[in-house]
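Trainee: could you work out the structure for the sequence below:
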Amino acid sequence: MNSIEEIYDHLMTSLQESILESFSEITRNSDRVKFVTDLLRQKELLPTSSDKILKSKSLNECRQLKNDGNRAFIKKDDKKALVLYTKSIAAAPIPTDSPNNEANDALGIAFANRSAVLFSMRNYEKCLQDISQALKYNYPDKFLFKIYERQGRCFQNLGKRKEAVESINNALKSLSSAELTQEKRKRLERELQILLNCFQGSRMSTNPVKEPQIITMSCNQNDALPGASDCVEVKYFPGMGRGLSAARDIQPGEVLIVEKPYASHLFLKKFDTHCYNCLQRSEAMLPCFYCSNVMFCSEECRTASWNKNHFIDCGLLPTLEKLDITIGSFVALRIVIMVCKTRDMKELLASLKIEENLGKRNETQLFSSDYYHVYWLEGHAQDRSNIDVFRRSFQSAYILHCLETMSDFFSGIDVNEYKYEVGGLLLQHRQNLPCTLHQVSEMMDITSRWEDVGIGSALCSVASLMNHSCDQNAICTSHMGDTLVVRAITPIAAGQQIFDTYGSHYSMHMKAQRQLNLRSQYYFSCQCVPCSENWPPLGLLGIRSQATFICNKCKEVLPAHAWKRTIKCGNCKKWHNIVETRTKIEKSSTEFYRYILQIERREDGTNWHELAQKLIQHLMIFHENVKKPWSDYIDCQEAIAECFRMTGNCYKSGSPSED
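Mentor: A predicted model of the protein is given here:
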């Protein structure tokens with residue numbers, strides 16, 4: 001099977017201009033998808049059920065991956081062994097009721113092997129989880145003494161004496177089932193008894209398990225904006241549409257939004273290391289019961305994913321992976337599965353009021369967290385070229401046909417009546433998701449260098465209301481998988497708009513490049529302050545550019561008199577002691593460079609929230625006294641942002657085995 005882009009290129013080589021002209025006259029998304037589907041059928045380019053790619057459980061693959069993991073473990077490459085054992089778990093057949101099924105113990109053995117590497121990595125909590133799974137899935141009786149001993153040692157390291165003693169007693173009892181020589185059994189009995197006496201007689205130290213920190217709002221929950229603080233409100237801004245603004249003065253560091261996405265999707269290359277449901281990294285992943293494509297961080301996520309979407313996409317993923325569809329297509333598909341399989345189609349379509357709003361968007365519509373708002377997120381359909389809409393219609397039509405012929409999606413849905421309406425929903429999201437998706441990321445050390453690495457994409461409907469500025473005043477970070485946290489990184493006055501950046505920041509790119517990027521993807525010409533005043537990027541400002549002082553009362557630029565000690569503001573007439581201001585900045589900057597070294601060292605136990613607050617104090621001196629752009633101001637903002645990123649998804653790999 002070719003990729004979806006290769007199929008599209010093949011279609012376009014024989015497409016007549018008159019076809020595109022006819023397509024341009026269509027206004028409804030569902031009709032666009034039908035038009036392209038008919039065209040693909042005519043060209044014999046639609047996939048058939050025989051094109052479906054399966055990635056089922058495989059005993060041979062499970063054993064091969066387990067053996068590869070054993071070799072890595074023997075070589076003390078724990079991280080590589082962990083990845084291989086996890087893949088072995090994913091491939092292992094689920095045990096059946098048949099007593100003669102040779103695959104019945106494969107999953108239990110795979111879990112037990114991974115528990116060994118987790119114990120070696122001192123991840124005792126996850127090791128215990130895998131031991132429980134091994135016991136649940138038919139781990140052979142003849143080896144039980146091994147995992148009971150490992151279980152006891154885990155409890156010992158966690159300071160749980162009672163549980164440790166019970167586990168070693170279980171290990172002693174299990175020796176009767178072990179296939180050992182009499183001499184070896186006696187030796188193991190002595191060793192386990194010594195260990196038991198040690199557990200019973202010694203005082204165990206408690207090693208508390210580090211729980212992930214849950215980020216909370218800086219003030220009360222907003223009743224009108226689910227997931228947002230009550231210091232945030234929705235307003236209409238001429239030329240920009242809806243946006244978020246400050247309902248009161250906001251200070252740097254305040255948490256403005258904590259939002260669980262409406263839908264998210266993991267990058268394919270992260271399927272082995274991150275949860276398919278919540279996108280959290282886990283070293284003790286659980287497999288899907290039916291496929292070997294994806295894994296989950298917990299029983300809860302496995303169940304939630306199945307009930308929400310995986311009961312449909314479970315058998316589709318290998319085919320979609322081979323087609324190499326975009327992450328936007330994956331998120332669009334997930335949204336459509338979620339909404340169409342939980343609501344009556346007739347009621348759903350009526351609630352969207354597609355016909356009434358065709359060709360326009362109601363900017364004054366109050367925000368809601370339901371699907372209506374998600375459907376009507378800005379997609380710039382009226383701004384897109386005909387060929388762009390045609391390409392997205394093609395993608396939607398192809399995915400729709402896969403849904404129809406390779407899954408049970410239309411079970412319970414009248415395919416004749418609603419097939420192309422479903423395609424229309426796909427197309428709607430293929431247009432609005434490129435403008436609204438947020439990247440889900442993870443801070444990760446790669447060869448002694450920390451990077452913000454993408455792991456997936458998420459649609460966060462509240463955060464998507466933030467408009468763009470090339471000088472953002474808020475930053476988005478990912479926490480506990482796909483949860484999005486938005487914090488202020490500069491003071492935001494009451495009534496001022498809260499800005500994100502859509503990937504174009506003045507410190508990194510020239511104005512012409514920023515404008516080009518924003519027009520090509522988001523269809524607007526940016527009129528923010530850096531664009532209006534043509535601020536230069538950091539490279540042109542210089543490492544130590546000269547500060548331009550401002551009045552700390554009215555914020556007007558002060559006259560430049562290098563030889564004067566005091567200067568009067570030409571606007572509000574307030575006098576300023578410039579020497580004192582310079583001294584204050586220099587003294588604070590000395591501390592700032594110490595904080596920068598702290599960030600660069602990334603030492604375990606660093607209190608990133610506390611460090612961010614110290615940097616914010618330094619930033620406030622700049623904010624009160626210096627006009628942007630200034631290189632030191634940019635450096636301080638970025639340092640604060642880095643601290644906030646380190647409080648979120650963060651993984652210290654330290655190994656080339658990690659992808």
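Trainee: what mean pLDDT does stretch 596-609 have?
Mentor: Taken as a whole, stretch 596-609 has a mean pLDDT of 90.
Trainee: distance from the chain centre to that stretch, please.
Mentor: Taking C-alpha atoms, centre = their mean, to the nearest Å, one finds stretch 596-609 lying 23 Å from the centre of the chain it belongs to.
Trainee: now do that stretch: everything it contacts.
Mentor: 445, 450, 611, 635, 639, 642-644, 646-647 (C-beta atoms under 8 Å, 6 or more residues apart in numbering). All C-beta atoms are positioned from the backbone trio N, CA, C, and that covers glycine.
Trainee: make it 10 Å
Mentor: Under the contact criterion C-beta atoms under 10 Å, 6 or more residues apart in numbering, stretch 596-609 has outside partners 213, 215, 253, 443, 445, 448, 450, 611-615, 635-636, 638-640, 642-648, 650, 652.
Trainee: check stretch 31-45 too.
Mentor: Residues contacting stretch 31-45 (C-beta under 10 Å, 6+ apart): 2, 7-8, 10-11, 14-15, 19, 22-26, 28, 46-47, 389-401, 404, 419-427, 430.
Trainee: of the contacts of stretch 596-609, which belong to strands?
Mentor: Within these, residues falling in strands by DSSP state E are 443, 445, 450, 650.
Trainee: unless I'm mixing things up, the third one is touching M444, no?
Mentor: Yes - contact status for W450 versus M444: in contact at 7.0 Å, counting by C-beta atoms under 10 Å.
Trainee: between these two, which contacts overlap?
Mentor: With C-beta under 10 Å, 6+ apart as the test, W450 and M444 both reach 650, 652.
Trainee: would you mark the buried spots in the longest helix along the chain?
Mentor: Counting residues, the longest helix in the chain under DSSP state H turns out to be helix 578-601. Under the neighbour-count criterion of 16 or more other C-beta atoms under 10 Å, helix 578-601 has 578, 581, 585, 588-589, 592, 595-596, 598-599 buried.
Trainee: for the stretch 151-300 of the chain, which spans come out with low pLDDT?
Mentor: Counting by pLDDT under 70, the stretch 151-300 of the chain has low-confidence residues at 201-214.
Trainee: tell me the pLDDT at I543?
Mentor: I543 is assigned 49 on the pLDDT scale.
Trainee: do the same with the one 4 residues further on
Mentor: Model confidence at A547, expressed as pLDDT, equals 85.
Trainee: got the phi and psi for the residue nearest in space to the middle of the chain?
Mentor: Nearest residue to the geometric centre of the chain (C-alpha atoms, centre = their mean): V440, 2.4 Å. Phi and psi for V440, reported as degrees, to the nearest 10, are phi -90, psi 130.
Trainee: starting at the chain centroid, how far to stretch 521-540?
Mentor: Put simply, stretch 521-540 sits 28 Å off its chain's centre (C-alpha atoms, centre = their mean).
Trainee: wait, stretch 57-67
Mentor: That offset, for stretch 57-67, works out to 30 Å (C-alpha atoms, centre = their mean).
Trainee: show residues contacting that stretch.
Mentor: Outside stretch 57-67, the residues within contact range by C-beta under 10 Å, 6+ apart are 55, 83-94, 101-103, 106-107, 109-110, 113-114, 287-292.
Trainee: for PyMOL, what selects the buried ones among these?
Mentor: This is how PyMOL selects the buried members of those, with burial counted by 16+ other C-beta under 10 Å:
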select buried, resi 55+83+84+85+86+87+88+89+90+91+92+93+103+106+107+109+110+113+114+287+288+291+292
